[in-house]
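In: Predicted model and sequence below, questions to follow.
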Amino acid sequence: MATTTPSRGRRRAPSRMTRAAGRAAALQKPRVILALLLLLALTSVMLLDGYLRAEVGGDERVRSNASSSKVPDDVIDGGPILSFRDGEAQTRSVPEKTIALTFDDGPNPTWTPQILKILKENDVPGTFFVVGSMVSRYPDIVNDLVDQGNEIGIHTFTHVDLSYQSGTRIQREMDQTQLALAGAAGITTTLFRAPYSSETDAIDNYSWPVYKELGAEGYTSVFVDTDSDDWKRPGVSKIIKWATPSKSKGASVLFHDAGGERSQTVAALGTYIKKMKAKGYTFTTISGAIQQAAGQVPGGQQSQQEQQEQQGQEGGGAGAGAGGAGGGGGNSLQAAHRTATGTTLYEGKALVAAVAVAEWTVPGLATGLAVVGVAVMGRFGMMLILARRHYRIRNRRRFSWGPPVTRPVSVIVPAYNEKECIANTLKSLAQSTHPIEIIVVDDGSTDDTSEIARSAAESFGMTNVRVIRQENAGKPAALNNGVRNASYDIVVMMDGDTVFEPDAVHQLVQPFADPGVGAVAGNAKVGNRDTIIGAWQHIEYVMGFNLDRRMYDLLRCMPTIPGAIGAFRREAVLAAGGMSEDTLAEDTDITIAMHREGWRVVYQEHAKAWTEAPGSLKQLWSQRYRWSYGTMQALWKHRKSLTDKGPSGRFGRVGMPLVVIFQIVTPVFAPLIDVFTVYSMIFIDFKASLLAWLAVLCVQLVCAAYAFRLDREKYRYLLMMPLQQLAYRQMMYLVLIHSCITALTGGRLRWQKLKRTGEVGTPAGVR
């Protein structure tokens, strides 16, 4: 056994590494927070969109046949315009030969513009009782509606029966609609019509307190005299007939510009207006009807000043009480409008802007997730087909790489503070069935790694071990040092916490019988799989890593030789410039470099090594963060492989797109798939959403079971897979998002050392 020791007076790197690690940790917290905030923002956008579409907080209850014993008779028998002056209920009727056209449930991008066109052509105003969620989605239509001289009233934000709602919900429905109007058209309004309301005789003991409360805030509630029942789609002639007042009575007439297919309404409206004009009717808004009714009180006409004072008393309070509107409002036919100013205006614009973001984001995400889902399912199918093909090819009796490789190889073991594991690693190598030399490169350890390595080699009677100590410089430098000192043309690289099966090296080097093979990936397995975290990683290693490697092997675009067990031609490594320190994923970096040099990289399933997986969530996060970020660095470094020609460009043409799509892009979307699933279960269709999730889980279970079969693993670990999907997978996605943010913000990380326990002993002990 040979030992090489540098000058002891130069070992200052650990302190520099500690300081760098501290600075890196300080930088990571904001990025973790940013990753979580990004996911929270997307979730909030989904909830906002669901609220707008009545999926979140929707209430379809409609009260009917309730008693009206507490409602005053003069209200039940009164006109359709209800206001409260000094706390007293007052009703007004639309004057004779006068029609106030009212439209509910809009705006709608299809039907409202057509109705506005008909009104404009006939020089007739209308009063539109709008739903706040629709206003926030289609603000331009509302703005056009107001500019044309029509009047606006509130029809709540989500079209719920307010008689079932709490006082807080009622206030929210009103205030949010006022904000939507402020953001869309710069106004608020004092008019209100309750969803599912009709004539005043339908007011009951449950809705009456709502009208009184809103009246106290300055709102004027509007009912109907004549209902076209156009929502039933009875035909144009019946709509016109049902909308026509009896005799010469005035009427508040109800149509709908949204809430369903309204082609019959559009077809009937123009004819109806012409018919009523021919009968001598005039058309006005609700405010216009109030003004006319106020001028027809006994005792003669009121003065203009008296009319303005009465209008202010009947409807002016809602401006301040429901959104903070101030100032006067438009012409005499729009007296209910108030100009939105100050906080109300800016909050309204913010609401409209947020809704616009949701309107674009959610459909885009839904489309993207559908594409991702199809791609992922396609990948599963491709993995199963290619994995089976790979297994059948490599396990045929006549399969051979060529003449058996029996010449000695060099095994390089980079180590930094591996006192818990290094003895087990050397003990497993002592049982190797293939002739090897072992080079332990101690990368400036601050514990007894070197001494333990020497003692273990002596106790196992190993004369083929060299321990090289170097100043701390990182894993790539340690591997390069080992490659330079290797005696043989094939080098096997492993981690200091890994144990090899006795025939692992022999199996690993057999593909080098093919002169075109430059590197070989072994089969890394989780040794400490008896914990929940270990079992989750075991499933991931068997299913994700090894099925992937079989697929990539056949496609000749293997992206990564695992650091735990891999072999290289020494000349190929040196020609590629050695293990690069440019990235945190030196194993991915060198693998891609080998491809670009024209070498073939293959997977050897029978070369098995057992590694100690991280034992805590914190260590797991740290490891996977480094892997994920390092992979991104390596892909960016080798981005020019996309334009490489010939065999060396195969990775760029096939491997690079596959890795980017399935290891970066689709996993980034995966948390949203789960969020969408939870969202759908809670707010849309629990049974259908649960069945869809279970179907996807079944597909994954099938893939995992097949992978376990190929690797001859015990199926009992698959019982942990549903829990893995609910917890472990989410963490992996957050790690990836964190890595993406780090990459986009230009952050840098150093090679990190995980805390080891040494619980993975000889291979026989973990079976």
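Out: Received the coordinates, thanks. Bear in mind the structure is a predicted one, so any value in this text is a computation, not a measurement.
In: which stretches of the stretch 651-767 of the chain aren't confidently modelled?
Out: In the predicted model of the stretch 651-767 of the chain, residues 670-671, 741, 743-767 satisfy pLDDT under 70.
In: Walking through it, point out its helices one by one.
Out: With DSSP state H, counting those that start in this stretch as the definition, the stretch 651-767 of the chain shows helices at residue ranges 656-660, 666-683, 686-711, 721-723, 729-745.
In: Out of these, the one nearest G527 is which?
Out: Evaluated with CB to CB, the helices of the stretch 651-767 of the chain place helix 686-711 nearest to G527, the distance being 14.3 Å. Using the backbone N, CA and C atoms, a C-beta is placed for each residue, glycine as well.
In: and the closest one, what does it pack onto?
Out: With contacts taken as 3 or more CB pairs under 8 Å, 6 or more residues apart in numbering; DSSP states H and E, helix 686-711 sits against helix 342-394, helix 547-555, helix 666-683, helix 721-723.
In: Among those, which comes closest to G235?
Out: Of all the helices and strands packed on helix 686-711, it is helix 342-394 that lies closest to G235, at 34.4 Å by CB to CB.
In: so after the closest one, what's the next helix or strand?
Out: For helix 342-394, the following helix or strand on the C-terminal side (DSSP states H and E) is strand 409-415.
In: center of the chain - which residue?
Out: In the chain, the C-alpha nearest the mean C-alpha coordinate belongs to L672, at 2.9 Å (CA atoms, centre = their mean).
In: That residue reaches A370, doesn't it?
Out: No: the criterion here is CB atoms under 8 Å, and L672 misses it with A370 at 11.6 Å.
In: Which secondary structure state does the nearest residue to R394 once chain neighbours are set aside sit in?
Out: Computed as CB to CB, 6 or more residues apart in numbering, the closest residue to R394 that is not its neighbour in sequence is E605, at 6.7 Å. With DSSP: H, G, I helix; E, B strand; the rest coil as the basis, the three-state label of E605 is strand.
In: Isn't E605 up against N523?
Out: Yes: A contact is recorded between E605 and N523 when judged using CB under 8 Å, the distance being 5.1 Å.
In: hey, what's in contact with both of these two?
Out: By CB atoms under 8 Å, 6 or more residues apart in numbering, E605 and N523 have these common neighbours: N546, D711.
In: Which one of those two is surrounded by more residues?
Out: Relative neighbour count places N523 above the other of E605 and N523, with 25 against 20, counting by other CB atoms under 10 Å.
In: quick one: what helix or strand has the more buried one in it?
Out: Using DSSP H and E, N523 maps to strand 517-526.
In: Okay, now the sheet partners of that strand, with direction.
Out: Looking at strand 517-526 with DSSP bridges, its partner strands are strand 565-569 (antiparallel), strand 600-611 (parallel).
In: Where does pLDDT dip in the protein?
Out: For the chain, the stretches with pLDDT under 70 are 1-32, 34-36, 39, 53-59, 296-334, 670-671, 741, 743-767.
In: residue ranges of the helices in the stretch 501-650 of the chain, please?
Out: For the stretch 501-650 of the chain, applying DSSP H, counting those that start in this stretch gives helices covering 504-509, 532-539, 547-555, 570-575, 586-596, 617-637, 650.
In: Turn those helices into TSV, including mean neighbour count and distance to G270.
Out: TSV is the format used below for the helices of the stretch 501-650 of the chain (neighbours: other CB atoms under 10 Å; distance: least, CB to CB, whole Å):
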stretch	mean neighbour count	distance to G270
helix 504-509	26	83
helix 532-539	22	67
helix 547-555	22	65
helix 570-575	16	81
helix 586-596	26	69
helix 617-637	20	62
helix 650	19	67
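In: Distance to G496 added to those helices, as CSV?
Out: As requested, those are exported to CSV (distance: least, CB to CB, whole Å):
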stretch, distance to G496
helix 504-509, 16
helix 532-539, 19
helix 547-555, 23
helix 570-575, 19
helix 586-596, 15
helix 617-637, 14
helix 650, 33
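In: Out of the ones you listed, which gets nearest to E88?
Out: When the helices of the stretch 501-650 of the chain are ranked by distance to E88, counting by CB to CB, first place goes to helix 617-637 at 65.9 Å.
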